[in-house]
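# For reference, the sequence and a predicted model appear below.
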Amino acid sequence: MDTDMFIIYSVNGIVKIPANLVRQYLVQGAALTDTLYQKAVGLVVEQLSTTAKIQPNTLNVWRMPVNKLDISFDSPIDGIINEYMMEFQLSTGELSINLPDGLLWVNEPDWQENAKYQISVVDGLAVCGEWEQNS
């Protein structure tokens, strides 16, 4: 069954929110910036531990260089696309990254020391972008 969607265009791309959810908020007089809306469009969370259970539609950023990550995914939110996102810089040495079983990589990453990575996972498909840090 197709669902009517409310579309928001932003610098980060297109965000689709089920129209019935938007109608409920407008009828109740709730602002579109409250908690449920934020869950739909995403937030940035600074991670301090290399072991984390990450929520969907949240960019998880490790500001300190890492060489080990143990990541699990929180439950998806019904009615929206759930994207699990991570950003980190690899320190020296080999990276040990543990992600939920069953993920498929578009292209398996070739981890490089001191490079910065961003990983996005939607519906079990993982995409990784890499760029080298300027000194």
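Looks like it arrived, so ask away.
# Val127 is in contact with Ser120, correct?
Yes - with the criterion set as C-beta atoms under 8 Å, Ser120 and Val127 qualify as a contacting pair; they are 5.0 Å apart. The way it works is simple: take the backbone N, C-alpha and C, and place the C-beta from them, glycine included.
# quick one, which of those two is more surrounded?
A count of neighbours by other C-beta atoms under 10 Å puts Ser120 above the other of Ser120 and Val127, at 16 against 13.
# show me the contacts for that one.
By C-beta atoms under 8 Å, 6 or more residues apart in numbering, Ser120 lies in contact with Glu83, Tyr84, Met85, Ala126, Val127, Cys128.
# Not counting its neighbours along the chain, what's nearest the residue sitting nearest the centre point of the chain?
Per C-alpha atoms, centre = their mean, the C-alpha nearest to the average position across the chain is that of Met85, at 2.3 Å. Counting by C-beta to C-beta, 6 or more residues apart in numbering, Met85 lies nearest to Leu59, which is 4.5 Å off, once chain neighbours are set aside.
# Could you list the residues in contact with the host helix or strand of the one you found?
Here Leu59 sits within strand 58-62, counting by DSSP states H and E. With contacts defined as C-beta under 8 Å, 6+ apart, strand 58-62 is touched by 42-47, 50, 52, 54, 69, 85-89.
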